[in-house]
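Colleague: sequence unknown, structure follows:
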């Protein structure tokens, strides 16, 4: 049974996050995670300052499925099946040792050694700490209470035999970095604020080793557009939903854009972020919602992220799995969630499609675009808007040769490579190259200057009014600083 439970499918990041759930349930305010490279004897250690476990509680915690999943739990208890400690740890290594101490009590320690279990063919939970990792529980000696978990013999994490020490060591620490990024996302709501409820440190106790929270919604950015918080009640308890349309990349600095991408990248984090209590379960995806086979993560809606908070009592209704990585909306909520998601997806698609997204829907609706969609029975096509000031200026200027320009525009409209453009934009947004802000081309600069002069000299507009019109005129709306610097006097 123990060997079978190892194959549930935990990734290293999910496994460590599951173990930290136990620390939170134990009232810990500090958790330290260590990935220590010792060659074949490498270990993972998680220690906390929670209230600890006495002998009886420790033995029960080490028992597979020690609590019934239907048994009521406290709101802060992030467990459910009574398997997380064992399955998460043993999914990475074949030796699991736990030492714990309660206030005014001594240190209690127990361990599972799968090699021993196989040899004796019996459920033998062993006392104390194995000699090979005994020193890893020393940190409890100067603490009044807390718990230390040590995972050793990392056969699942590193493989049964190390082939190249340098390569294996690098792979070990690369995995550690992946785990750290996952923790910054999974527990970001605990880690946030001037006085966070939880501090997680990684490979050390110093402030420099603290895990920095990652906010998926960039909620502090002035160009992020949130929807109102909505509470939906159903038989499994109330859920809280809020949509966020993230800023276009042109509204973010390179550092902001890179951070907003998240541990798994823009496309993977498109969709719902499902929380159970304050803990993140699902970091993207559309939960099977959408017409037909459901929406796919296609990159067009990468700026759409929706926060969905479940009560800790909602596991059965939402089919939360042992690894806390899956949640399925109950039938009674699907229609409402899909309607909300459709609105967020629409707004995100608009922002993604324009060169610099305005933060509010009203501003986006006022933007004068150079292209207009045309919907027919054969699908959607795009037409150059003849009412666009730059286009109208050019058509008026050619006089009796207007028909030639119209024919040229018709050819351009008929050959717009919509699919190719979409692919190129998606690939560019996923690029790891430095993301620069919008820069005007020589041609755009010339067009802006010409149109501004036309507005001032021929249309007789004042400087402020001409600049105001340019501010909502595509593509010049992407360069507000350039427009503000246009001179009051023109020749």
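Modeller: Happy to help now that I have it. Predicted model only: the values in this text are computed from it and were never measured.
Colleague: Return the helix or strand in the protein with minimum mean pLDDT.
Modeller: Counting by mean pLDDT, DSSP states H and E, the weakest-scoring helix or strand in the chain turns out to be helix 361-366, with a mean of 49.
Colleague: so what does whatever helix or strand comes next after that one touch, helix or strand wise?
Modeller: As assigned by DSSP states H and E, the chain's next helix or strand after helix 361-366 is strand 371-376. Identification of packing neighbours for strand 371-376 by 3 or more C-beta pairs under 8 Å, 6 or more residues apart in numbering; DSSP states H and E yields strand 379-384. (C-beta placed from N, C-alpha, C; glycine too.)
Colleague: what angle sits between the helix or strand that the strand it packs on is followed by and strand 379-384?
Modeller: With elements assigned by DSSP H and E, the helix or strand that comes after strand 379-384 is helix 389-397. Per axes from the mean of the first three to the mean of the last three C-alpha atoms, to 10 degrees, the angle that helix 389-397 makes with strand 379-384 is 60 degrees.
Colleague: which stretch of helix or strand covers residue 308?
Modeller: Assigned by DSSP H and E, residue 308 falls within strand 304-310.
Colleague: Kindly report the same for residue 275.
Modeller: Taking DSSP H and E as the definition, one finds residue 275 inside strand 271-276.
Colleague: can you check residue 96 too?
Modeller: strand 95-101.
Colleague: how about low-confidence regions in the protein?
Modeller: Where the chain drops to pLDDT under 70, the residues are 65-83, 354-366, 376-379, 422-423, 425-438.
Colleague: need the longest strand for it.
Modeller: Longest strand in the chain, counting residues (DSSP state E): strand 237-245.
Colleague: Pull up the pairing partners for that strand, direction included.
Modeller: Strand 237-245 sits in its sheet next to strand 225-226 (antiparallel), strand 230-234 (antiparallel), strand 304-310 (antiparallel), going by DSSP bridges.
Colleague: which one of these lies closest to residue 128?
Modeller: Smallest distance to residue 128 across these (C-beta to C-beta): 39.7 Å, for strand 304-310.
Colleague: contacts for the closest one?
Modeller: 216-217, 237, 239-246, 269-277, 281, 284, 318, 320, 327, 337, 340-341, 344-345, 347-349 (C-beta atoms under 8 Å, 6 or more residues apart in numbering).
Colleague: just the buried members of those?
Modeller: 216-217, 239, 241-246, 269-277, 281, 284, 318, 320, 327, 337, 340-341, 344-345, 347-349 (16 or more other C-beta atoms under 10 Å).
Colleague: before we move on, the earlier item: could I get the buried residue list for the helix or strand just after the longest strand of the chain?
Modeller: Next helix or strand after strand 237-245 toward the C-terminus (DSSP H and E): helix 254-260. Buried positions in helix 254-260, judged by neighbour count with 16+ other C-beta under 10 Å: 256-257, 260.
Colleague: Looking at the residues you listed, which one is closest to residue 386?
Modeller: Nearest to residue 386 among the buried residues of helix 254-260 is residue 257, at 35.3 Å by C-beta to C-beta.
Colleague: Might one say that the closest one is in contact with residue 249?
Modeller: Yes. Between residue 257 and residue 249 there is a contact under C-beta atoms under 8 Å: 5.2 Å.
Colleague: State the distance from residue 123 to residue 62.
Modeller: According to C-beta to C-beta, to the nearest Å, residue 123 stands 10 Å off from residue 62.
Colleague: How about residue 348?
Modeller: The spacing between residue 348 and residue 62, counted by C-beta to C-beta, is 46 Å.
Colleague: now residue 34
Modeller: Residue 34 is 21 Å from residue 62, where distance means C-beta to C-beta.
Colleague: before we move on, the earlier item: tabulate the buried residues of helix 254-260 (JSON lines), appending distance to residue 232.
Modeller: Below are these laid out as JSON lines (distance: C-beta to C-beta, whole Å):
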{"residue": "256", "distance to residue 232": "32"}
{"residue": "257", "distance to residue 232": "32"}
{"residue": "260", "distance to residue 232": "27"}
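Colleague: ok, so of these, who is nearest residue 481?
Modeller: Nearest to residue 481 among the buried residues of helix 254-260, with distances taken as C-beta to C-beta, is residue 256, at 17.8 Å.
Colleague: Please name the residues that touch that closest one.
Modeller: By C-beta under 8 Å, 6+ apart, the contact set of residue 256 is 218, 221.
Colleague: end-to-end on stretch 371-382?
Modeller: With C-alpha to C-alpha, to the nearest Å as the measure, stretch 371-382 spans 6 Å from end to end.
Colleague: Also stretch 396-404?
Modeller: Using C-alpha to C-alpha, one end of stretch 396-404 lies 12 Å from the other.
Colleague: before we move on, the earlier item: contacts for the strand holding residue 275?
Modeller: With contact meaning C-beta under 8 Å, 6+ apart, strand 271-276 is reached by 78, 189, 216-217, 280-287, 295, 297, 301, 304-312, 314-315, 318, 320, 324, 327, 341.
Colleague: Try it again at 6 Å.
Modeller: Residues outside strand 271-276 that contact it (C-beta atoms under 6 Å, 6 or more residues apart in numbering) are 216, 281-287, 306-310, 312, 327.
Colleague: again with stretch 205-212
Modeller: Stretch 205-212 is contacted by residues 180, 183-184, 200-202 when judged by C-beta under 6 Å, 6+ apart.
Colleague: try it again with 7 Å
Modeller: With C-beta atoms under 7 Å, 6 or more residues apart in numbering as the test, stretch 205-212 has contacts from 32, 180, 183-184, 191, 199-203.
Colleague: How about it, which residues are buried there?
Modeller: Within stretch 205-212, the residues scored as buried using 16+ other C-beta under 10 Å are 210-211.
Colleague: quick one, phi/psi of residue 127?
Modeller: phi -80, psi 150 (degrees, to the nearest 10).
Colleague: Quick check, it in contact with residue 108.
Modeller: No. Counting by C-beta atoms under 7 Å, residue 127 stays clear of residue 108, with 8.9 Å between them.
Colleague: between the two, which one's more packed in?
Modeller: Taking other C-beta atoms under 10 Å, residue 127 and residue 108 do not tie; residue 108 has more neighbours (22 against 10).
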